[in-house]
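this is the structure alone, sequence omitted:
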């Protein structure tokens, strides 16, 4: 849905060019107002889940949780106590505190385990700072790169909108073709492996962007100083771009889209699956914080992003992403092994459950039939 909503970006770029900035900002404002009204009107229905069995019986479950206290304070207390105890989480265990200090902390052993699991997941999320550094080039330097080529009247901001189009194309393609193909051959393509592949695709995208920049530098009229040389000057405020078609940039957007699917999509899946129920939102927020860290790195390195050094900059980003992706897989691949074991346990449990139900004649469908009769 996020990628489908991003199609409005096409309209905003043309509104900005042919109408003005006020119209470009008015369109997303109206869309946000519609979404806000939808939340108000349908608020009471957003927290229910209805399951219909045999087209006669509908079971409705309330899945909206009531407001609860923040778990951040308790997690901070656990981490602080572990740090003071020489980074030993064992010291934060309630039984340990009761035995050695005769005091009972306000958390349980289960809460301690949840915090430990969350911190392990945060290590995975933190590695995406370099990923975001490369990915955010699509919103900055790659747009500037498009302005150095012949756009034939297309706004340069429009090319960043190609990313959601390719995501909408590739996501169902992977779900319907790639993933079933791998499952049929018993090839486990877990979240960590997918994220590592996402790093590599982003690295390939940065490498291709470096090649594109090199091609720009080999074409006139301004060569390695696009839009600045006297030979390309048209008027006092305008310069002619280098003689190369902007669509040569298309593979960069395709590679970044595939990297987003494998990288960011799998990151959200892994963070949601590994996080305890009370800390899921916190870890999702930490993902956004890592994105902010990547954006901060991009801002810090922006003084280096000038002609004629952009080829070196993109090649360096590609090297960083490739190395981090390989190290990431080497360090965290055991998480995929544990995920495979959990899936095997769930499958074995389902098989045993079906066998038990068939042997004792207490299948769920029979229970529902009995409820319907009453």
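Yep, it's here. Nothing here was measured: the structure is a model prediction, and the numbers come from that model.

could you pull out the strands in the stretch 51-200 of the chain for me?
Along the stretch 51-200 of the chain, the segments classed as strands by DSSP state E, counting those that start in this stretch run 57-62.

middle-most residue in the protein, spatially?
Nearest to the geometric centre of the chain sits residue 264, at 2.5 Å (CA atoms, centre = their mean).

and stretch 84-101, how far out from the chain middle?
Here stretch 84-101 is found 36 Å from its chain centre; the criterion is CA atoms, centre = their mean, to the nearest Å.

can you list the buried residues in stretch 259-279?
With burial defined by 16 or more other CB atoms under 10 Å, the residues of stretch 259-279 counted as buried are 259-267, 270-271, 274-276, 278-279. Where you see a C-beta, it was placed from the backbone N, CA and C, and this is true even at glycine.

please read the previous query as pertaining to stretch 105-124.
Going by neighbour count (16+ other CB under 10 Å), the buried part of stretch 105-124 is 105, 107, 111, 112, 114, 115, 118, 121, 122, 124.

what's the distance between residue 13 and residue 150?
18 Å (CB to CB, to the nearest Å).

quick one on the thing from earlier: next, give phi and psi for the residue nearest to the centre of the chain.
When read as degrees, to the nearest 10, the backbone of residue 264 gives phi -70, psi -40.

let me know the pLDDT of residue 313.
Residue 313 is assigned 94 on the pLDDT scale.

so which residues of the stretch 1-150 of the chain form helices?
Remark: helices assigned in the stretch 1-150 of the chain by DSSP state H, counting those that start in this stretch are 2-5, 8-18, 21-41, 72-84, 94-101, 109-126, 128-135, 141-147.

average pLDDT for the longest one?
Yep, that's helix 21-41 we're talking about. For helix 21-41, the per-residue pLDDT averages 85.

tell me the buried residues in that helix?
Across helix 21-41, burial judged by 16+ other CB under 10 Å covers residue 24.

contact partners of it?
5, 8, 11, 12, 13, 15, 16, 46 (CB atoms under 8 Å, 6 or more residues apart in numbering).

repeat that with 7 Å
8, 11, 12, 15, 16 (CB atoms under 7 Å, 6 or more residues apart in numbering).

from these, pick the one nearest residue 252.
The nearest member of the contacts of helix 21-41 to residue 252, counting by CB to CB, is residue 12 at 21.6 Å.

what's the distance between residue 123 and residue 113?
Counting by CB to CB - residue 123 and residue 113 are separated by 16 Å.

ok, residue 272 next?
Relative to residue 113, residue 272 is positioned 18 Å away (CB to CB).

can you check residue 11 too?
From residue 11 to residue 113 the distance is 49 Å (CB to CB).

please apply the same query to residue 135.
When distance is defined by CB to CB, residue 135 is 33 Å away from residue 113.

could you do residue 260 as well?
Distance of residue 260 to residue 113, given as CB to CB: 32 Å.

where does the stretch 251-374 of the chain dip in pLDDT?
Along the stretch 251-374 of the chain, the model assigns pLDDT under 70 to residues 337-374.

what ranges do the helices span in it?
Counting by DSSP H, counting those that start in this stretch, the helices of the stretch 251-374 of the chain are 266-274, 280-301, 310-360, 364-373.

contacts only, for residue 15.
Contacts for residue 15 (CB under 7 Å, 6+ apart) come out as 23, 24, 27.

how's this structure carved up into domains?
1-38, 78-114, 121-351 (automatic domain parsing).

buried deepest among the ones you listed, which one?
Of all those, domain 121-351 has the most neighbours on average by mean count of other CB atoms under 10 Å, namely a mean of 17.

dump the domains of the chain to TSV, plus distance to residue 72.
Formatted as TSV, those follow (distance: least, CB to CB, whole Å):
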stretch	distance to residue 72
domain 1-38	26
domain 78-114	10
domain 121-351	7
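
residue 71 is nearest to which of these?
Ranking those by their distance to residue 71 (criterion: CB to CB) puts domain 121-351 first, at 4.8 Å.

now do the contacts for residue 308.
By CB under 7 Å, 6+ apart, the contact list for residue 308 reads 217, 224, 225.

also residue 105?
Here residue 105 is in contact with 94, 97 (CB under 7 Å, 6+ apart).

mind checking pLDDT for it?
Taking residue 105 on its own, its pLDDT is 79.

got the phi and psi for it?
phi -70, psi 160.

for it, give its distance to residue 250.
Relative to residue 250, and taking CB to CB, residue 105 is found at 57 Å.

I am finished for the moment; much appreciated.
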